[in-house]
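Engineer: Quick one, fold the following:
(one chain, ligands or ions: 1)
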Amino acid sequence: MNLGLKGKQVFITGGSVGIGLSVARAFAREGSDVALGARNLQRVEEEAKRIADDYGVKSIGISVDVSRPEQIEAARKRIETEFSGIDVLVNNAGTGTEETIMDSTDDRWYAVWDLHVMSTVRTARAFVPFMRQRGGGVILNTASICATQPLWYEPIYNTTKAALLMLGKCMANEFVTDNIRVNTVSPGLVLTPDWWKTAGILAEKEGITPKEYLDGVAEKYAGNKRFASPDEIAEYYIFLASDCGKYSVGSNYYIDGGWLEGVR
Ligand code: NDP
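Structural biologist: Numbering: from 1, shown residues only. Sure, this is the predicted structure:
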């Protein structure tokens, strides 16, 4: 299958580990040049170098906190210098939360709003002009099944991801005439290093192993009773960014092993 991704230039936020890193590696495997964005400079540069070594594409690591407008602007300048623009933008940086509505501060709400929603508005402002110059592009946003089906312990995460879902639709409407396609991917359980870390902490409290803890989570939530690997999820981004996915505009794709209840 010719995916048409060879030579494309792709910026992936949250690209240094987990889903974002798998997405970056999958684009590189298809011959795309990649820019990985994350806060921890050492980790993002190491992973970018590994990609360049493994796939022979241009791959750069950029230290950026996407919740900070001036840092997005700095990332834009770096990408303009190194790549002269981009064809594909993957807004993937994000994090789970843990709070109650009654106990969380305004500052906490605004911080996660900036991370999940305003970062996506701001990267659009930064990179859509490049895409327009090139005659089109693709934007993929990572939301979550929790945007539609909330988990009780993370109302800020659920709410901001729900807003991101609507933002993706609005972006699709606004940019479709520029030949820029915007879609959203909503994963369910994806086994990243962070899940292992959480499992390590919570399993100890319950007197079980991390694996037993994770098996319990999968048993409880996933229809198919298992986590996805980040690599499995990455293939959907490849399809949606490729020529094979070019009739997809403004949609949201659940990749959740059957966790979502009902039809949406
Ligand atoms: P990880 O925690 O494994 O990785 C997060 C990535 O984002 C890292 O590269 C991290 O690097 C970066 N990051 C975090 N905060 C910022 C920031 N402020 N600015 C720039 N980069 C940042 O995440 P996952 O792979 O698990 O998740 C990726 C996305 O998928 C998230 O949006 C998440 O909400 C979503 N998701 C994940 C699911 C899962 O089960 N794993 C399920 C559903 C959705 P650094 O710390 O160096 O900045």
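Engineer: My guess is residue 151 contacts residue 158. True?
Structural biologist: Yes. With contact defined as CB atoms under 8 Å, residue 151 and residue 158 form a contacting pair (6.7 Å). The way it works is simple: take the backbone N, C-alpha and C, and place the C-beta from them, glycine included.
Engineer: Those two: who's more crowded?
Structural biologist: In this view residue 151 and residue 158 are compared by other CB atoms under 10 Å, and residue 158 has more residues nearby, 21 against 15.
Engineer: That one and residue 34: what is the separation?
Structural biologist: As judged by CB to CB, to the nearest Å, residue 158 and residue 34 stand 30 Å apart.
Engineer: does the helix or strand of the chain with the lowest mean pLDDT come close to the ligand?
Structural biologist: Counting by mean pLDDT, DSSP states H and E, the weakest-scoring helix or strand in the chain turns out to be helix 193-206, with a mean of 92. Yes. Residues of helix 193-206 contacting the ligand under CB under 6 Å from any ligand atom: residue 194.
Engineer: Just the buried positions in that helix, please.
Structural biologist: Within helix 193-206, the residues that qualify as buried are 195, 198, 199, 203, counting by 16 or more other CB atoms under 10 Å.
Engineer: For it, which helices and strands make contact with it?
Structural biologist: If contacts are counted by 3 or more CB pairs under 8 Å, 6 or more residues apart in numbering; DSSP states H and E, helix 193-206 sits against helix 210-221.
Engineer: Convert the longest helix that the chain contains to PDB, retaining C-alpha atoms only.
Structural biologist: Longest helix in the chain, counting residues (DSSP state H): helix 155-175. Only the C-alpha atoms of helix 155-175 are listed here, as PDB (Å, rounded to 0.1, in the frame of the first residue of the first chain):
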ATOM      1  CA  PRO A 155     -13.200  15.400  35.900                       C
ATOM      2  CA  ILE A 156     -10.600  18.000  34.600                       C
ATOM      3  CA  TYR A 157      -9.200  15.400  32.200                       C
ATOM      4  CA  ASN A 158     -12.700  14.400  31.000                       C
ATOM      5  CA  THR A 159     -13.800  17.900  30.500                       C
ATOM      6  CA  THR A 160     -10.800  19.200  28.700                       C
ATOM      7  CA  LYS A 161     -10.600  16.200  26.500                       C
ATOM      8  CA  ALA A 162     -14.300  16.700  25.600                       C
ATOM      9  CA  ALA A 163     -13.500  20.300  24.700                       C
ATOM     10  CA  LEU A 164     -10.600  19.000  22.500                       C
ATOM     11  CA  LEU A 165     -13.000  16.800  20.700                       C
ATOM     12  CA  MET A 166     -15.300  19.700  19.800                       C
ATOM     13  CA  LEU A 167     -12.300  21.900  19.000                       C
ATOM     14  CA  GLY A 168     -11.200  19.200  16.500                       C
ATOM     15  CA  LYS A 169     -14.500  19.400  14.800                       C
ATOM     16  CA  CYS A 170     -14.500  23.200  14.600                       C
ATOM     17  CA  MET A 171     -10.900  23.100  13.200                       C
ATOM     18  CA  ALA A 172     -12.000  20.600  10.600                       C
ATOM     19  CA  ASN A 173     -14.800  22.900   9.500                       C
ATOM     20  CA  GLU A 174     -12.600  26.000   9.400                       C
ATOM     21  CA  PHE A 175      -9.600  24.400   7.600                       C
END
